[in-house]
Each structure stands twice: as structure tokens, then as C-alpha cells.
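In: Any chance you can model this:
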Amino acid sequence: MCPESLCSQSLTSQRPPTWHGLAARAARRGYVRAAVAAVMLVVIGCGGSDSDAEPETASAPLSPEEEQNIGIATRVIEEGLIQGDVEVIEQLVRPDYIQHNANAPDGRDGLLGFVAALQAQGGAAVTIHRKLANGDLVALHSTYGTGDARRVAFDVFRLEGGQLAEHWDALQEWVEPQATVSGNTLVDGPTEVTSRGLTDENEALVTRMVREVFVEGRYDRLPAYIGDPYIQHNPAVDNGLQGIQAFLAAVEQQGVDIGYTRSPLVVADGNFVLVGSEGYLNTRDDYTVFYDLYRVDDGRLVEHWDVIQAIDLAAVPHDNGLF
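Out: Predicted structure coming up:
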């Protein structure tokens, strides 16, 4: 939740990854401008579903509380943050709001000050592409800003009693599709949540994959998880299993360290699973957060979106950590 120019300095000041050109050469396509990393992956190689399971895979409505939670989070973003409506924030955000954003101070007062600074700079714009809910958690996949100032973001909120109680997020700069290796944008693709009867199963599969592949570094497990086709929205990686393998081979050749240390944040809703992780990129001293959104179909990962943000921990204005 850190759009437009207020966050552009902190984002663009991060040291750019040294492997951009290498990743592009490995994929034999174009050039890459955005951070890359724990990317591309997927969910399991389990067998396909059979007809007896079809009733479980049908979409089911969210609970009334989950629907309400999505509405509250959306209002705070669109009316509070973007339009600067202080009353919306005072009504829908708890006074003891716990903030994990790398640039915003803690508490509701900290959020109000952040919004005031944003409005003083002329405000911002937002387009929310995907909305997920599970229990007291809501995840939004959005684009903040317009034109060259756009940032792609994942925002995750925890709610208590009809108010936002906690917030996590990550942002990265927009990349035009002609500058991505795959030709895809960072946000296009399906938005409809389906298969809510498989939410728990899909969450278990994705979290297992993340643990095996990105925490344990078992990249040889990827072929067991990747679907065909596999659509990639990370700007530095091509579509399909071969795109992932080419990228990983190039990174290994360059001697770049990429890894996750833990993945404490998960929001699963039907065929979508969002995982928030912390780790490193370039060297083990370069603290980085990785948000990976997967679309699952028939027990396989078939599409991937992500946001990767390098963090200067010394500059974070609170003691809550990024997770």
C-alpha cells in the first residue's frame, strides 16, 4: 500500500540486480528491467481429478464475513488511501493497526500521516486486478499509479471486528510487455476465483512446493510441479518449464544467490494461492521479500505472478518486520 511518487524513491534507489542482462541472454529474448527471483514455479505433480470429485471443485460463495472483509479492504485502498478520505480510515482501520510496509509508520495515525503525505503530492490511482479472501485475511493484486510511475503490488490485510488490524505488502516497478521475456504483462490473465472446494488442497500443494524448491533449493523438483502450458508473468522469465530452467541455469552460472528462508504468509482462495516469503537476492546479505501468486488447475501450477522488493531494513520506520 505504497503507491506513486511517495514510494518511488525508495523503490528505485534499491541496487538493481546484476543478473538482468544474463537472465535476458539465457532466455534469448529482449532485455529485462525488473527484479527477478524466486520465480516461476508451481504446484504439484499430482494426478488429474476424476469425475467423482467434480462437486468439490465447483465454486462456492465466500462467507458473508469474507465478502465484507474484501469490501472493507477495497474501501480503505480506493477511498482512504487513493482519495484521501480520512473518515473511511478512522472508521475501518483499528487504532493499533500493525504495519509491515517498509515505508509507512505503525498504527492508524501512521497510516493517516502516510495518506496525508500522498495527497500533498497530488494523490494516486489504483486498479485492483484480483481479490482473494480466506477467513480473516484479504489479498489484493493491484497496479498503483499511471504511466511510467506505475507500481505492481500485493497487499494483504488481517481484519478484526470489521476493521483492518494488520497489513503486509510489496511493490515493484511496472515493466511494459515488450520489455518482458515472455511478452506477458505483470498483471494480465484470469481473475475469477474458481474451485473453492479445493482451497485447502491447493494451499497445501503450493506451500509444499515453495518449501521444497525455494527454501530447500531443490530445483530438480520443478518438473514434477509445472503444468503445460505454464504462463509466466515474472518479467525476466519465459513461459513454460524450459523458460524457468534457462533462467535458473543462467543465475547459477553467474554465481548469484537466490533463496527463500521462510514463507510465513499464505492466502489461498480456490484456484489462487498467494505466498509471501523472505529471503535474499544477489548475496545472502541482500534482504528481499518475494510475493508469489499461483493459479492452480487440476493439481498443477499453470500460471504465476510475482512482486519482488529489496528492503533496506535500517530504513524501515517501525519494529514489526516485513512479516
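In: Give me the longest strand you can find in this structure.
Out: Scanning the chain for the longest strand, with DSSP state E as the assignment, gives strand 272-297.
In: so how far is that one from its chain's centroid?
Out: The gap between where strand 272-297 is centred and where its chain is centred comes out at 8 Å by CA atoms, centre = their mean, to the nearest Å.
In: After it, which helix or strand is next?
Out: strand 300-310 (DSSP states H and E).
In: Which elements pack onto that next one?
Out: Contact analysis of strand 300-310 by 3 or more CB pairs under 8 Å, 6 or more residues apart in numbering; DSSP states H and E lists strand 151-160, strand 163-173, strand 226-232, strand 272-297 as its packing neighbours. Bear in mind the C-beta positions are built from the backbone N, C-alpha and C, glycine included.
In: For that strand, which strands pair with it and how are they oriented?
Out: Sheet neighbours of strand 300-310, with direction, are listed as strand 226-232 (parallel), strand 272-297 (antiparallel) (DSSP bridges).
In: can I get those in JSON lines with mean neighbour count?
Out: Rendered in JSON lines, the data for those read as follows (neighbours: other CB atoms under 10 Å):
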{"stretch": "strand 226-232", "mean neighbour count": "19"}
{"stretch": "strand 272-297", "mean neighbour count": "22"}
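In: Nearest to Q83, out of the ones you listed?
Out: Judged by CB to CB, the one of the strands paired with strand 300-310 that comes nearest to Q83 is strand 272-297, at 25.2 Å.
In: okay, the angle between the closest one and strand 163-173?
Out: Comparing the axes of strand 272-297 and strand 163-173 via axes from the mean of the first three to the mean of the last three CA atoms, to 10 degrees yields an angle of 60 degrees.
In: Okay, now the unreliable bits of the stretch 51-200 of the chain?
Out: Across the stretch 51-200 of the chain, the stretches falling below the confidence threshold (pLDDT under 70) are 51-59.
In: can we see that at 50?
Out: Across the stretch 51-200 of the chain, residues meeting the criterion (pLDDT under 50) sit at 51-57.
In: can you map out the strands along it?
Out: Counting by DSSP state E, counting those that start in this stretch, the stretch 51-200 of the chain has these strands, from start to end: 93-99, 126-134, 137-144, 151-160, 163-173.
In: Now that we have the ones you listed, can you turn them into CSV and tack on distance to H233 and mean neighbour count?
Out: As requested, those are exported to CSV (distance: least, CB to CB, whole Å; neighbours: other CB atoms under 10 Å):
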stretch, distance to H233, mean neighbour count
strand 93-99, 27, 17
strand 126-134, 11, 20
strand 137-144, 10, 24
strand 151-160, 9, 23
strand 163-173, 12, 22
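In: Can you lay out the ones you listed as TSV showing distance to I308?
Out: Compiled in TSV, the strands of the stretch 51-200 of the chain are given as follows (distance: least, CB to CB, whole Å):
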stretch	distance to I308
strand 93-99	20
strand 126-134	17
strand 137-144	14
strand 151-160	10
strand 163-173	6
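In: coming back round to it: got TSV for the strands paired with strand 300-310, with distance to E67 too?
Out: Formatted as TSV, the strands paired with strand 300-310 follow (distance: least, CB to CB, whole Å):
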stretch	distance to E67
strand 226-232	28
strand 272-297	16
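In: so which of the ones you listed gets nearest V215?
Out: With CB to CB as the measure, strand 272-297 is the member of the strands paired with strand 300-310 nearest V215 (7.9 Å).
In: per-domain residue ranges of the protein.
Out: With automatic domain parsing as the criterion, the domains of the chain are listed as 18-60+177-315, 64-173.
In: Is it possible to get those domains out as a markdown table so that each row also shows distance to L322?
Out: Converted to a markdown table, the domains of the chain look like this (distance: least, CB to CB, whole Å):
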| stretch | distance to L322 |
| --- | --- |
| domain 18-60+177-315 | 5 |
| domain 64-173 | 5 |
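In: Show me the one of those that comes nearest G321.
Out: domain 64-173 (6.7 Å).
In: Ends of that closest one, what's the gap?
Out: For domain 64-173, the first and last residues are 35 Å from each other (CA to CA, to the nearest Å).
In: Out of the helices and strands packed on strand 300-310, flag the one nearest E201.
Out: strand 272-297 (8.8 Å).
In: between that closest one and strand 126-134, how many degrees?
Out: Using the same axes, to 10 degrees, one finds that strand 272-297 and strand 126-134 are set 80 degrees apart in direction.
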